[in-house]
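Novice: With the input below, show me the fold.
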Amino acid sequence: MQEENVNFRFSVPIQIKMCDLDPFAHVNNGVQCNYFDYGRSQYFEHVFGAKIDWMTLDLVLVHVDLDFKSPIKIHDNICCETAIYQFGVKSFKMVQRLICAETGQVKSICHSVLAGFDREKESSLPIKDAYREAILKFEGVKF
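Specialist: Below is the predicted model:
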C-alpha cells in the first residue's frame, strides 16, 4: 500500500508532552501508538458526526503495524493524518501518518485493520451500513 496514493482528508494536531520522550529526547515509539489511537478516534468522531462511546462502538482494532521513519522531537509540530483505503464486508483498512506540519516530512506510518464486533456474543459482524455510508461519503471514493 503506497501512502502517496492516498488522499488524506483528515488531519488532527498532536500535542507532544515531556513525558512522551524517551532517554534520547525523541517521542517514544509506544507513545506514537497513542497518537495514532487519538487520530483514529478523532477521525471517527468527525466522520460519524458524534462523540464515540468506545464501550459500545461495534468496531474493534484487530491488526496494527507501524514503521518509524524519522525521530519526533519535543518542538516538532506534528499532525496525525488518517484515511480508510479498503473496505470489506466485516472489516476495513486504515492508514495513518504522523507528519511534520511545516515540512510535510513523514515521521511514522501506521496501517491498521478494524472489524465489526458484537460485544455481547464476542464475535465478528458485518460493518454497519451507516458506518460504511458515512466513511464512503467522507472519503469520496467507492470501495
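Novice: Quick one: list the elements packing against the longest helix belonging to the chain.
Specialist: In the chain, ranked by residue count with DSSP state H as the criterion, the top helix is helix 29-48. Helix 29-48 sits against strand 10-14, strand 59-68, strand 78-87, strand 91-100, strand 106-118, helix 129-139, with contacts defined as 3 or more C-beta pairs under 8 Å, 6 or more residues apart in numbering; DSSP states H and E. Quick note: C-beta positions are derived from backbone N, CA and C, even for glycine.
Novice: Show me the contact partners of it.
Specialist: Residues outside helix 29-48 that contact it (C-beta atoms under 8 Å, 6 or more residues apart in numbering) are 10, 12, 14, 20, 22, 27, 51-52, 54, 57, 59, 61, 64, 66, 68, 72, 78, 80-82, 94, 96, 98, 108, 110, 112, 131, 134-135, 138.
Novice: can you check stretch 125-133 too?
Specialist: Surrounding stretch 125-133, the residues in contact under the criterion C-beta under 8 Å, 6+ apart are 48, 58-59, 87-92, 115-118.
Novice: give me the number of residues near Asp67?
Specialist: If you count neighbours by other C-beta atoms under 10 Å, Asp67 ends up with 11.
Novice: That one contacts Ser108, doesn't it?
Specialist: Yes: when contacts are counted by C-beta atoms under 8 Å, Asp67 is listed as touching Ser108 (6.4 Å).
Novice: any idea of the pLDDT on Glu3?
Specialist: Reading off the per-residue confidence, Glu3 sits at a pLDDT of 65.
Novice: and if you look at Asp129?
Specialist: 94.
Novice: residues touching Ala134, list them.
Specialist: Val47, Phe48, Gly49.
Novice: gap between the closest residue to the last one other than its chain neighbours and Ala115?
Specialist: Going back to what we said before, that points to Gly49. Computed as C-beta to C-beta, 6 or more residues apart in numbering, the closest residue to Gly49 that is not its neighbour in sequence is Ala134, at 7.6 Å. Ala134 is 17 Å from Ala115, where distance means C-beta to C-beta, to the nearest Å.
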